[in-house]
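Asks: Got a predicted model here, sequence first, then my questions.
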Amino acid sequence: MKNYLTIKIQEARKKKRKLFCVFLTLGYPSIAATERLILSSEKAGVDIIELGFPFSDPLADGPTIQFSSEQAIKKNVTIQDALALVRRLRQKGSRIPILFFGYFNPVFSYGGKDFVRDARSAGMDGLIIPDLPPEEEEEFQKACRKQKLQRILLVAPTTQDKRAKMLVGKSQGFIYYVSLRGVTGARKALPGDMKAHLLKLKRMTPKPVLAGFGISTPEQAKNISRMSDGVIVGSAVIEHLKRGVPSAERFIEKMSRAVHGA
């Protein structure tokens with residue numbers, strides 16, 4: 001089975017194209033809406049989808065994504081729903097890379113190796129599990145490598161250089177740079193030291209470095225994509241989604257044009 005994340009990164013490198021990743025909470029406002037948004041995002045030029053799995057006790061999520069997760073949890077969204085959605089998208093011909101973004105508790109409850117097998121079989125390309133340090137769950141990591149399910153690791157502004165080098169070395173696909181000291185959420189202004197941190201990471205690795213957390217306007221996305229290899233936008237999409245799917249779709253199109261320099 002092809003890994004669409006690997007293919008997308010190779011294409012972007014060849015074309016010297018920035019990567020735009022959109023975070024969506026599975027099941028907010030409904031699973032049908034999530035499906036529609038993934039398909040419309042692909043048409044709008046979005047490069048990667050982070051499919052956020054709702055969890056009751058997140059470590060990294062701010063109020064906006066917590067709200068969307070709470071709404072999805074009320075509808076009893078399950079990992080099986082996530083797998084079924086990805087499977088349907090692949091059957092419809094969608095080739096956008098899809099990453100599972102979630103906390104380890106639901107994955108552990110499902111069964112780590114079973115989850116990795118089923119996620120890959122459904123057509124997922126990678127995983128982002130912010131509360132699972134690379135020093136832990138060695139068997140889980142082996143299962144990911146065996147199934148060619150790429151594990152993307154996060155590096156924060158507060159990460160010490162020695163640890164950052166270790167994370168950069170172990171991360172597959174790309175490096176997720178957390179641009180804020182804090183949780184997710186749209187911000188009017190972003191840290192002044194972001195460029196220096198991004199340059200330092202880019203010197204450590206040839207892998208793409210994508211910046212996420214707090215990016216909320218086309219202008220911010222455009223500016224940050226000049227310093228990085230791409231951007232990740234989540235909370236700002238969810239804020240627009242509160243006004244309806246069409247509002248979110250228009251915003252995603254604007255952000256995609258900003259990142260890709262259109």
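Replies: Alright, I've got the coordinates. Quick caveat: nothing in here was measured; it's all calculated off a predicted structure.
Asks: going forward, measure contacts and count neighbours with C-alpha atoms only.
Replies: Fine.
Asks: how close does the spatially most central residue of the chain sit to I152?
Replies: Centroid check for the chain by C-alpha atoms, centre = their mean gives E50 as the closest residue, at 3.4 Å. From E50 across to I152, the span is 11 Å (C-alpha to C-alpha, to the nearest Å).
Asks: got it, and L59?
Replies: Using C-alpha to C-alpha, one gets 17 Å for the distance from L59 to I152.
Asks: who's more crowded, these two?
Replies: A count of neighbours by other C-alpha atoms under 10 Å puts I152 above the other of L59 and I152, at 21 against 13.
Asks: what's the more buried one in contact with, if anything?
Replies: I152 is in contact with G126, L127, I128, S171, Q172, G173, F174, I175, Y176, counting by C-alpha atoms under 8 Å, 6 or more residues apart in numbering.
Asks: how near is it to G27?
Replies: Taking C-alpha to C-alpha, one finds I152 at 23 Å from G27.
Asks: got it, and A122?
Replies: From A122 to G27 the distance is 17 Å (C-alpha to C-alpha).
Asks: now K15
Replies: Remark: distance between K15 and G27 (C-alpha to C-alpha) = 34 Å.
Asks: Which of the two has more residues huddled nearby?
Replies: Between K15 and G27, G27 has the larger neighbour count (other C-alpha under 10 Å), namely 27 against 9.
Asks: can you tell me the helix or strand for that one?
Replies: Per DSSP states H and E, G27 falls between elements, in no helix or strand.
Asks: doesn't T34 make contact with it?
Replies: Yes: using C-alpha atoms under 8 Å, G27 makes contact with T34 at a distance of 6.2 Å.
Asks: quick one, what contacts the nearest residue to G261 once chain neighbours are set aside?
Replies: Sequence neighbours aside, K222 is the residue nearest to G261 in space, at 7.3 Å (criterion: C-alpha to C-alpha, 6 or more residues apart in numbering). Taking C-alpha under 8 Å, 6+ apart, we find K222 in contact with A258, V259, H260, G261.
Asks: Can you give me the neighbour number for the first one?
Replies: Each residue near A258 was counted by other C-alpha under 10 Å, and the total is 19.
Asks: List the residues that contact it.
Replies: Neighbours of A258 in contact, by C-alpha under 8 Å, 6+ apart: P218, E219, A221, K222.
Asks: mind running it again at 7 Å?
Replies: P218, A221, K222 (C-alpha atoms under 7 Å, 6 or more residues apart in numbering).
Asks: For the closest residue to N3 other than its chain neighbours, what are phi and psi?
Replies: Spatially, and ignoring its direct neighbours in sequence, N3 is nearest to D125 (5.5 Å; C-alpha to C-alpha, 6+ apart). Dihedral angles of D125 (phi, psi; degrees, to the nearest 10) stand at phi -110, psi -20.
Asks: any idea how far D125 lies from T217?
Replies: Distance from D125 to T217, by C-alpha to C-alpha: 27 Å.
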